[in-house]
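# Just a sequence and a predicted model for now, questions to come.
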Amino acid sequence: MSAVSEAIVREFFEAHGFFVRQQRKHVSPSRREEDAVDFYVCNPRATDDGAPPFVLGTADLARVARAVVVVKGWHTETFSPAVMAHAPGMFKFLSPAMFKRAAEGFGCRERFLKLLVVPALPQSGEARTKSIEWLRAKGIDGVLPFRSMLAFLIAHTAANRNYVKSDLLQVLRILKSYGLLVEGDQQMDLFGKRRGR
């Protein structure tokens with residue numbers, strides 16, 4: 001997982017009032033990146049409104065009390081059945097032994113959800129349904145797409161605030177200040193109209 005992907009996920013959960021704990025700050029040379037859980041998150045203000053949907057949106061996070069989070073931040077591919085079939089090793093983190101170690105490492109004794117952060121799920125109905133069924137069968141409790149995380153962070157970053165404690169939010173603020181991120185547009189306008197000086 002890249003530091004940028006990690007920063008997006010951390011800022012997103014913290015913006016929703018979660019406590020975020022990372023299992024480790026280092027990566028062992030003998031350990032592959034996809035072999036472990038990335039974060040443990042705890043929501044002290046969780047509501048008991050039933051189980052959240054499989055594909056989580058920002059409004060659904062209030063129903064998440066505790067979760068382990070695994071980030072797959074490729075940002076280039078849709079998380080389709082074909083991609084998952086060609087990379088079976090990417091789901092080693094779902095083994096019972098891996099989750100037992102994660103629970104012990106995070107000091108988690110209560111039930112927690114297993115959440116996966118992905119670039120995107122397929123848009124078409126059949127491929128999307130197959131992807132969700134495949135992930136559920138593997139033991140995933142929910143999926144968070146990066147697009148919804150980034151859209152939330154963009155919408156909730158103010159151009160007139162100084163985010164000195166967060167490089168990610170500071171970059172979003174600067175892009176907004178120069179008109180490169182437009183509210184509600186959710187895309188960068190790098191070659192649009194120039195602002196007056």
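Arrived safely, thanks for sending. Numbers count the residues shown, from 1 in each chain.

# going forward, measure contacts and count neighbours with C-alpha atoms only.
Fine.

# Walk me through the domains of the protein.
3-151, 162-197 (automatic domain parsing).

# How far off centre is the longest one?
Yep, that's domain 3-151 we're talking about. The chain centroid and the centroid of domain 3-151 are separated by 6 Å under CA atoms, centre = their mean, to the nearest Å.

# Okay, now that domain: how far is its last residue from its first?
For domain 3-151, the first and last residues are 19 Å from each other (CA to CA, to the nearest Å).

# and that domain, average pLDDT?
Mean pLDDT, domain 3-151: 81.

# ok, residues contacting stretch 158-177?
Val4, Ala7, Ile8, Leu153, Ile154, Thr157, Leu181, Val182 (CA atoms under 8 Å, 6 or more residues apart in numbering).

# which residues does Phe112 contact?
Applying CA under 8 Å, 6+ apart to Phe112 gives the contacts Ala65, Arg66, Ala67, Val68.

# I'd say the second one and Tyr40 touch.
Yes. Taking CA atoms under 8 Å as the contact criterion, Arg66 and Tyr40 are neighbours in contact, 7.5 Å apart.

# middle-most residue in the chain, spatially?
Val117 (3.9 Å; CA atoms, centre = their mean).

# Which strand residues bridge that residue?
On the basis of DSSP bridges, Val117 takes part in beta bridges with Val71, Leu144.

# Neighbour-wise, give me the winner out of the contacts of stretch 158-177.
Greatest neighbour count in these, by other CA atoms under 10 Å, goes to Ile154: 22 neighbours.

# Buried ones in the helix or strand that contains that residue, by neighbour count?
Taking DSSP states H and E as the definition, one finds Ile154 inside helix 146-155. Under the neighbour-count criterion of 16 or more other CA atoms under 10 Å, helix 146-155 has Phe146, Ser148, Met149, Leu150, Ala151, Phe152, Leu153, Ile154, Ala155 buried.

# Give me the distance between the first one and Val4.
Meaning Phe146. Distance check for Phe146 against Val4: by CA to CA, it reads 12 Å.

# coming back round to it: between Arg66 and Tyr40, which is the more surrounded one?
The neighbour comparison of Arg66 against Tyr40 (other CA under 10 Å) goes to Tyr40, with 26 against 21.

# Next up, phi/psi of the more buried one, please.
phi -120, psi 130 (degrees, to the nearest 10).

# secondary structure class for the residue nearest to it when sequence neighbours are not counted?
Excluding its sequence neighbours, the residue lying closest to Tyr40 (CA to CA, 6 or more residues apart in numbering) is Val68, at 4.5 Å. Here Val68 is strand, with the state taken from DSSP: H, G, I helix; E, B strand; the rest coil.
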